[in-house]
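Peer 1: requesting a structural model of the entry that follows:
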Amino acid sequence: MSLKYDVATVLERETENTIADWYALVEAEPELAMIPLSREDRSMHLPEMFRDLVSRLRNPLPLGTHALISAAARDHGCLRRDQGYTAAMLVEESRMLQVSIFQTLHLHVEDTKPGVLLMYVMAIADEVDSQLAQAMKSYITEAKLDAEPIEA
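Peer 2: Below you'll find the predicted structure:
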């Protein structure tokens, strides 16, 4: 009989593999790959994002709650704008992250405790989308600041 883990533990244990899967998806997408970044530069925000996600799963919040503020998500939006990403590219990168996370869960479903997987999936989607919203907010704020005239 194998040990059964909660989803947070599976994601925590599989963070590096999930990031590697995500990176492969991003590098295979021509629009994203056209921004030349090293693996480290492209994925530097993800370890903190996974820590936030695991924390959210271990300390559940009502779906739709924006209580978890992520400095990593905010910084990520600014950084991606500076790196030349479009807003659509930022959304696509986030979509690929959700795909990678759900693929990891699919591969390890037999390792997880039965019963509440759907609630975890909804919480994961909610948290990833919340972090995307925070990244987009900082991305847009940077764009507005860049558009302001420079006073002498």
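
Peer 1: which helix or which strand is home to residue 105?
Peer 2: Element membership for residue 105, per DSSP states H and E: helix 87-107.

Peer 1: can you name every helix or strand that that helix contacts?
Peer 2: helix 7-13, helix 15-28, helix 30-33, helix 46-58, helix 71-83, helix 117-147 (3 or more C-beta pairs under 8 Å, 6 or more residues apart in numbering; DSSP states H and E). In short, each C-beta sits where N, CA and C put it, glycine included.

Peer 1: what sits up against the third one?
Peer 2: Applying C-beta atoms under 8 Å, 6 or more residues apart in numbering, the contact partners of helix 30-33 are 26, 27, 89, 92, 93.

Peer 1: which parts of it are buried?
Peer 2: residue 32 (16 or more other C-beta atoms under 10 Å).

Peer 1: and it, how far from the chain's centre?
Peer 2: A distance of 18 Å separates the centroid of the chain from that of helix 30-33, by C-alpha atoms, centre = their mean, to the nearest Å.

Peer 1: quick check: what element follows it along the chain?
Peer 2: helix 39-43.

Peer 1: hang on, the earlier thing: how about the helices and strands packed on helix 87-107, which one is nearest residue 64?
Peer 2: Smallest distance to residue 64 across the helices and strands packed on helix 87-107 (C-beta to C-beta): 6.6 Å, for helix 117-147.

Peer 1: and that closest one, what's buried?
Peer 2: Within helix 117-147, the residues that qualify as buried are 120, 123-124, 126-128, 130-132, 134-136, 138-139, 142, counting by 16+ other C-beta under 10 Å.

Peer 1: just for the protein, where's the confidence low?
Peer 2: 1-5, 66-68, 114-116, 143-152 (pLDDT under 70).

Peer 1: try 50
Peer 2: Counting by pLDDT under 50, the chain contains low-confidence ranges at 1.

Peer 1: if we can go back for a sec, so which of the helices and strands packed on helix 87-107 comes closest to residue 100?
Peer 2: The nearest among the helices and strands packed on helix 87-107, by C-beta to C-beta, is helix 15-28 at 4.0 Å.
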